[in-house]
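Asker: What follows is a predicted structure for the sequence shown.
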Amino acid sequence: MFIEYTWLIPLLPMLCFLIIGFVGQKTPQKGGYIAIAGAAISCILAVLISYEYLTGDAYPAAVTESIHWFTIPGGFEINVGYYVDGLTCMMMLFSSFISTLIFVYSLGYMGEQGERRKRYYAEVSLFLCGMLGLIVSSNFLVMFIFWEVMGLCSYLLIGFWSFRHDDGDEASANAASAAKKAFLVTRLGDVCLMAGLFILLGEFHNLDYASMFDPANIAAVDSDKITIAMLLCFGGVIGKSAQFPLHDWLPDAMAGPTTVSSLIHAATMVKAGVYLVARGYPLFVQDANVMLFVGIIGGVTAFIAATMALNNMNIKRVLAYSTISQLGYMILGLGAGGYLMALGIQHGDAALIAAGTAGMVAGCFHMMNHAFFKALLFMCSGSVIHACGTEDMRLMGGLRKHMPITSITMLLGSLSIAGFPLFSGFWSKDLVLDIALEAGDETVWFTVLWILAVITAFMTAFYMFRMWFMTFMGEERENAQHCHGESPKSMTMPLVVLSVFAVASGFLIMFGLDGIVGIEYTGAAFVVGGAETEGFEYFSELFTNPYTYLTIALALIGIGIAYLMYVKCSINPGKFNKNGESWLYKALSNRWWFPQLYNQISWKFGYGIARGVDYVDRQIIDGTVNGLSGAVVGGGSTVSKMQTGHVQDYSSIVLLGIAVLSVVFLVIAMITGGI
Amino acid sequence: MIPIEYFLALAAILFVIGGYGVMTKSNAIVVLMCIELMLNAANINFVVFAAFNQDITGQVFTIMSIAVAAAEVAVGIAILLNAYKMRKSTELDDEKLTSMRW
């Protein structure tokens, strides 16, 4: 009944984008209410569709409907349509729900931006359209189009403050260059993704999920081609989900408004990459080595990003690094699960395939939990920034008394991301660690990654509580002293709602979420959802596993160290970093020199090529054209000197000519004997 | 009957006088008048050959030629008048007129 209207879900925000774009300035809040209404209706529709799908007869088979779009000669069929399965349901529910809350929050946060709110609301609506379209689309091409729509919107929104150019302040220059960086770095991944999709299109002759995920069709295709294509597709994920080594755009993307960061980190954009891996699971698991690569990238990203968050002083940057780190967890979970599933398919081992299903559940589950607590954390940090007028944590402190709601909700979010027992992050993070350890039985790589991930869990707890303590506890420093107090209702209300989810969404695993998003391989088909739910098994396994207590202990130690350093001040952090002089400290504050690396590559390599091309263009191509035209002009001006301007000269030449011609004719007549 | 050579000689003499004038005179009006002389030499030839060949076409063509000459003189005088107005000179060798070349 509702499921036929799935296409409306991305269309509604698109409609809002158009309405706000054309007449937004005439509406109250410059289009804010329209954007909220669009997102809210999409959310309600997503709830109805999910309910209908999950209780319907078709479940767990995917419900998909496509119409023919165009044909490329050579038998390549391109369709456009929607595709609903458990993963789609989960994704569209949390993206539209969180986006709605973020838009409500924007009413307060962006309230002072005047006319520019129209642009803001139009762009965030388009952003949401991109994410929802990506989620419900039924084939890779349409998905890629929405993928690029999001790339465009992230560029526009990260650069939102760039209009301050006239003042020439540093922030505006940063916003413009951060937007460019985000766009170009993700573009690098997108080119890979496009190449991967070309290979897939060439092999499968269409890009519909329904036919590409059919094991019979996959078996008919050269498996090396799929391996290459999936590695290239994962390049797109590396760019979009800010994985190592293309992760460096995400911290810079903090130049945008905090709501935009929240949108990018929680509901849209970076989740698209993880979604692509989860969506493409049937193809990814065709080669275990691809999944090993995915897992390694995920684990390394999680670790590297967490280290960089350890000593950052900018409240938003810390959150940005934590996002990258958590994305690494998701990718690690998917990679480890996929590795097991790939081996299981190879050897026909049902236990390994089931473990792979658990890996996919872990990745998707962490994605959802992360969406809730990261949206919450960003919106809390936005609230703090709104009140203090700074992003530097060294200028905050003691805000707990001024901003009780923000401080408590942020504490809940921090507990959740730190993996404090029973909070949502705890469940999914430990599932990811669990699956990584299980994959470690098959290859030592995953054992290494598991160790990295456990260290990361410790660092996460430390840096999140370092942030919370520096912001809300201790003495009031400069900006905290003239803080405006708690933010308006439109901002705190979404915080409270989200904090409920950030605390409790982890319990969904016990109410059948794993059955909905987990992918099952039966030999005849890949089916998302419909698996037996093992919520309580996960639960009991988690609490009988000694490693779970290890991570809990590490998280508590992390929190404790942060407490001792930043509240009790009994440990001086300066002792460890030689007051910011140690090599490691510098490496971390320079982000492991990744920006410099990017610069070096682009200056040495990109600029070198550009200069070569410039030389060919200016000297050879332009030279030829300019030389030709110069020769013509010079020749013309030389020859024009023959014109004396004396009429008699011309007439004498005419007469001379006539005389000569006459003589010639006479001679001819005499020789030939008559005319 | 007067032999045809006389007429042709007259026309030739007229043409040469005109040509000489065109090439040597520096006053534009005199040059125009010399051009008329050359045209009329040609007209005489037309008429003469028409009479001797018992063919009316040459005489008709002369009427045509005279009309064209009149038009040409009108245009030429107009150009000269304007040139005089702008440059205050009708001397063809004058820098004021030769400078119009490019």
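Answerer: That came in fine, so what should we check first? Computed from a predicted structure; not experimentally measured. Numbering: from 1, shown residues only, chains lettered A, B, ... in the order given.

Asker: close to chain A, is the worst-scoring helix or strand of chain B on mean pLDDT?
Answerer: Least confident helix or strand of chain B, by mean pLDDT, DSSP states H and E, is helix B:95-98 with a mean of 79. Yes: Helix B:95-98 reaches chain A (C-beta under 8 Å from any C-beta of the partner chain) through B:Leu97, B:Thr98. From N, CA and C alone the C-beta is placed, and that goes for glycine too.

Asker: So in chain B, which helix runs the longest?
Answerer: helix B:57-87 (DSSP state H).

Asker: Let me see the mean pLDDT of it.
Answerer: Average pLDDT, helix B:57-87: 91.

Asker: just stretch A:397-415 next, same as before
Answerer: Regarding stretch A:397-415, the rounded mean pLDDT is 83.

Asker: starting at the chain centroid, how far to it?
Answerer: In terms of C-alpha atoms, centre = their mean, to the nearest Å, the centre of stretch A:397-415 is found 28 Å from the chain centre.

Asker: contacts for that stretch?
Answerer: Contacts with stretch A:397-415, where a contact means C-beta atoms under 8 Å, 6 or more residues apart in numbering or on different chains, come from A:373-374, A:376-377, A:380-381, A:383-384, A:387-388, A:423, A:425, A:464-465, A:467-468, A:470-477, A:480, A:483, A:485-487, A:492, A:495-496, A:498-499, A:502-503.

Asker: Can you tell me which of the residues you listed are classed as buried?
Answerer: A:373-374, A:376-377, A:380-381, A:383-384, A:387-388, A:423, A:425, A:464-465, A:467-468, A:470-474, A:476-477, A:480, A:483, A:486-487, A:492, A:495, A:498-499, A:502-503 (16 or more other C-beta atoms under 10 Å in any protein chain shown).

Asker: Could you tell me which of those residues are located in helices?
Answerer: Those of these mapping onto helices are A:373-374, A:376-377, A:380-381, A:383-384, A:387-388, A:425, A:464-465, A:467-468, A:470-472, A:480, A:492, A:495, A:498-499, A:502-503, per DSSP H.

Asker: how much space is there between A:Asn545 and chain B?
Answerer: 97 Å (C-beta to the nearest C-beta, to the nearest Å).

Asker: Just give the nearest non-adjacent residue to that residue, would you?
Answerer: In space, and not counting its chain neighbours, A:Asn545 is closest to A:Asp434: 6.7 Å by C-beta to C-beta, 6 or more residues apart in numbering or on different chains.

Asker: Over to A:Asp214?
Answerer: Among residues not flanking A:Asp214 along the chain, A:Ala525 sits closest, at 6.8 Å (C-beta to C-beta, 6+ apart).

Asker: try A:Leu412
Answerer: Excluding its sequence neighbours, the residue lying closest to A:Leu412 (C-beta to C-beta, 6+ apart) is A:Ser499, at 4.5 Å.

Asker: Would you confirm that the one you found contacts A:Leu376?
Answerer: Yes: counting by C-beta atoms under 8 Å, A:Leu376 is a contact partner of A:Ser499 at 5.6 Å.

Asker: if you go through the stretch 501-650 of chain A in chain order, where are the strands?
Answerer: Along the stretch 501-650 of chain A, counting by DSSP state E, counting those that start in this stretch, strands occupy A:519-521, A:526-528.

Asker: Around chain A, pick out the residues from chain B.
Answerer: Residues of chain B lying near chain A (C-beta under 8 Å from any C-beta): B:19, B:22-24, B:26, B:28, B:31, B:92-93, B:97-102.

Asker: The same query, at a cut-off of 10 Å, please.
Answerer: Neighbours of chain A within chain B, by C-beta under 10 Å from any C-beta of the partner chain: B:19, B:22-26, B:28, B:31, B:34-35, B:92-95, B:97-102.

Asker: of those, buried ones?
Answerer: The buried subset of the residues of chain B next to chain A - by 16+ other C-beta under 10 Å - is B:Gly19, B:Val22, B:Met23, B:Lys25, B:Ala28, B:Val31, B:Cys34, B:Ile35, B:Leu92, B:Asp94, B:Leu97, B:Thr98.

Asker: Residue ranges in chain A under the pLDDT threshold?
Answerer: A:163-173, A:478-481, A:530-533, A:535, A:573-581, A:674-675 (pLDDT under 70).

Asker: Run through the residues of it sitting next to chain B.
Answerer: Neighbours of chain B within chain A, by C-beta under 10 Å from any C-beta: A:637, A:640-649, A:651-652, A:654-655, A:658.

Asker: again, only using 6 Å
Answerer: A:Ser640, A:Gln643, A:Gly645, A:His646, A:Val647, A:Gln648, A:Ser651, A:Ser652 (C-beta under 6 Å from any C-beta of the partner chain).

Asker: tell me, how many neighbours does residue 61 end up with?
Answerer: Since you didn't name a chain, this refers to chain A. Residues near A:Ala61, counting by other C-beta atoms under 10 Å in any protein chain shown, number 15.

Asker: wrong one, I was asking about chain B
Answerer: Neighbour tally, B:Phe61, other C-beta under 10 Å: 15.

Asker: and the next element down the chain from the helix or strand containing A:Gly21?
Answerer: In this structure, A:Gly21 sits in helix A:8-23 according to DSSP states H and E. Under the assignment DSSP H and E, the closest C-terminal helix or strand after helix A:8-23 is helix A:32-55.

Asker: from the middle of its chain, how far away would that next one be?
Answerer: Centre-to-centre, helix A:32-55 and its host chain are 23 Å apart (C-alpha atoms, centre = their mean).

Asker: Go ahead and produce PDB holding the CA coordinates of it.
Answerer: What follows is helix A:32-55, C-alpha atoms only, in PDB (Å, rounded to 0.1, in the frame of the first residue of the first chain):
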ATOM      1  CA  GLY A  32      13.000  26.300   7.700                       C
ATOM      2  CA  TYR A  33       9.500  24.900   8.300                       C
ATOM      3  CA  ILE A  34       9.300  23.600   4.800                       C
ATOM      4  CA  ALA A  35      12.500  21.700   5.100                       C
ATOM      5  CA  ILE A  36      11.400  20.300   8.400                       C
ATOM      6  CA  ALA A  37       8.000  19.300   7.000                       C
ATOM      7  CA  GLY A  38       9.700  17.600   4.000                       C
ATOM      8  CA  ALA A  39      12.100  15.600   6.200                       C
ATOM      9  CA  ALA A  40       9.300  14.700   8.700                       C
ATOM     10  CA  ILE A  41       6.900  13.500   6.000                       C
ATOM     11  CA  SER A  42       9.800  11.500   4.500                       C
ATOM     12  CA  CYS A  43      10.400  10.100   7.900                       C
ATOM     13  CA  ILE A  44       6.800   9.200   8.500                       C
ATOM     14  CA  LEU A  45       6.600   7.600   5.000                       C
ATOM     15  CA  ALA A  46       9.800   5.600   5.800                       C
ATOM     16  CA  VAL A  47       8.200   4.400   9.000                       C
ATOM     17  CA  LEU A  48       5.000   3.300   7.100                       C
ATOM     18  CA  ILE A  49       7.000   1.700   4.400                       C
ATOM     19  CA  SER A  50       9.300  -0.100   6.800                       C
ATOM     20  CA  TYR A  51       6.300  -1.300   8.800                       C
ATOM     21  CA  GLU A  52       4.500  -2.500   5.700                       C
ATOM     22  CA  TYR A  53       7.600  -4.200   4.300                       C
ATOM     23  CA  LEU A  54       8.700  -5.900   7.500                       C
ATOM     24  CA  THR A  55       5.200  -7.200   8.300                       C
END
